[in-house]
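> sequence and predicted structure below; questions after.
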Amino acid sequence: MDARVAGSVVSPMTVAPCDLDFEGIAADVMAVIDRVRDTDASTRWPCVTLSYAQSLDGSIAGCNGETLGISGGLALDFTHRLRAMHEAILVGVNTVLTDNPRLTVRRVEGPNPRPVVVDSHLRIPLDSRLVQRRDAATIVATTEGACSEKAALLAACGAEVWFLPKTPCGRVDLPALFSRLGAEGITSVMVEGGASIITSVIESDLADQLVVTVAPRLLGGVRAIGSLEGAGVARPGLVRVRYQLAGDDLLVHSEFA
């Protein structure tokens, strides 16, 4: 995928009234997915959507990383609708270790996305819900040189282990992962977290759009986005920003410049 030009200009805000069907934001998200699919048809690079819930102070978890119910029911409904709109859903292994998620579509009608776990050292438990899923084989993206014995055990449980290049700090190379996902025919990926993955995706300029739920709470916990020093002088710009109420929460959709 061609590198995107980062900017600092944010477009005028578009405020939508409370709409329980969320058709406006859903249509915006799907339009980006369709545009990237058409634009990157030759490179087969997937559309990448960052989506997470945070408090007013930017926290996505408690001080010790513990899971907190941040968003309300309406926002959760929309999150599950987003899942159904994407072909794959990606999280880091810390999310698996902390939450043991299923990453399925449960609150609305729709297909389950293919689960992807970024796990540089194959720490994912064999009895985790994602490894034990039978409706779709979970992709575990790890680094070249990771434990082959653990990889074999995961494969025996039904997971699909991908050995990918690693960054200088020993983490899975995310551009290589997204390239592989595109080569496998996956055209849209929803990235749900955690903080390390969110920060890496933004820092590497890999995301096409952002959907954030902002809840009226102050948590003082783990921030969604860490240091973006690796992004250089230019920071990611956000354009075509749309806001919509979801009960007491605020949904924010924007595209990366």
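Now that the structure is in, tell me what you want to look at. Numbers count the residues shown, from 1 in each chain.
> buried ones in stretch 173-182, by neighbour count?
For stretch 173-182, a neighbour-count test (16 or more other C-beta atoms under 10 Å) marks 173-174, 176-179, 181-182 as buried. The way it works is simple: take the backbone N, C-alpha and C, and place the C-beta from them, glycine included.
> what comes into contact with that stretch?
Stretch 173-182 is touched from outside by 1, 40, 43-46, 48, 88, 116, 118, 139, 141, 162, 164-167, 189, 200-201, 204, 206, with contacts defined as C-beta atoms under 8 Å, 6 or more residues apart in numbering.
> surely residue 163 touches residue 142?
Yes - contact status for residue 163 versus residue 142: in contact at 6.1 Å, counting by C-beta atoms under 8 Å.
> what residues are shared contacts of those two?
residue 151.
> neighbour-wise, which of those two wins?
residue 142 (25 against 15; other C-beta atoms under 10 Å).
> now the more buried one: which helix or strand?
Counting by DSSP states H and E, the element that carries residue 142 is strand 139-143.
> output that strand as PDB - backbone C-alpha positions only.
The C-alpha coordinates for strand 139-143 follow below in PDB (Å, rounded to 0.1, in the frame of the first residue of the first chain):
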ATOM      1  CA  ILE A 139      -4.900 -16.700  12.600                       C
ATOM      2  CA  VAL A 140      -2.000 -16.400  15.100                       C
ATOM      3  CA  ALA A 141       0.600 -14.000  13.700                       C
ATOM      4  CA  THR A 142       4.000 -14.600  15.200                       C
ATOM      5  CA  THR A 143       7.700 -13.900  14.400                       C
END
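> next structured bit after that strand?
Counting by DSSP H and E, what follows strand 139-143 is helix 148-156.
> now the angle between strand 139-143 and that following helix, please.
170 degrees (axes from the mean of the first three to the mean of the last three C-alpha atoms, to 10 degrees).
> pull up the distance across stretch 38-48, start to finish.
With C-alpha to C-alpha, to the nearest Å applied, stretch 38-48 spans 14 Å between its terminal residues.
> give me the buried positions along it.
Within stretch 38-48, judged by 16+ other C-beta under 10 Å, the buried ones are 40, 44-48.
> before we move on, what about stretch 129-136?
129-131, 133, 136.
> pLDDT averaged over that stretch - what is it?
Here stretch 129-136 scores 95 as its mean pLDDT.
> centre of the chain to that stretch, how far?
19 Å (C-alpha atoms, centre = their mean, to the nearest Å).
> list the contacts of it.
96, 100-104, 112, 114-115, 117, 124-125, 138, 140, 154, 157-159.
> change it to 6 Å
Residues outside stretch 129-136 that contact it (C-beta atoms under 6 Å, 6 or more residues apart in numbering) are 100, 102, 114-115, 138, 157, 159.
> could you work out the end-to-end span of it for me?
12 Å.
> over to stretch 157-174?
25 Å.
> for the buried residues of stretch 129-136, which one is nearest residue 229?
Ranked by distance to residue 229 (C-beta to C-beta), the buried residues of stretch 129-136 are led by residue 130 at 31.5 Å.
> assumed the closest one was part of a strand.
No - per DSSP: H, G, I helix; E, B strand; the rest coil, residue 130 lies outside any strand segment and is helix.
> chain neighbours aside, what residue packs nearest to residue 257?
In space, and not counting its chain neighbours, residue 257 is closest to residue 237: 3.5 Å by C-beta to C-beta, 6 or more residues apart in numbering.
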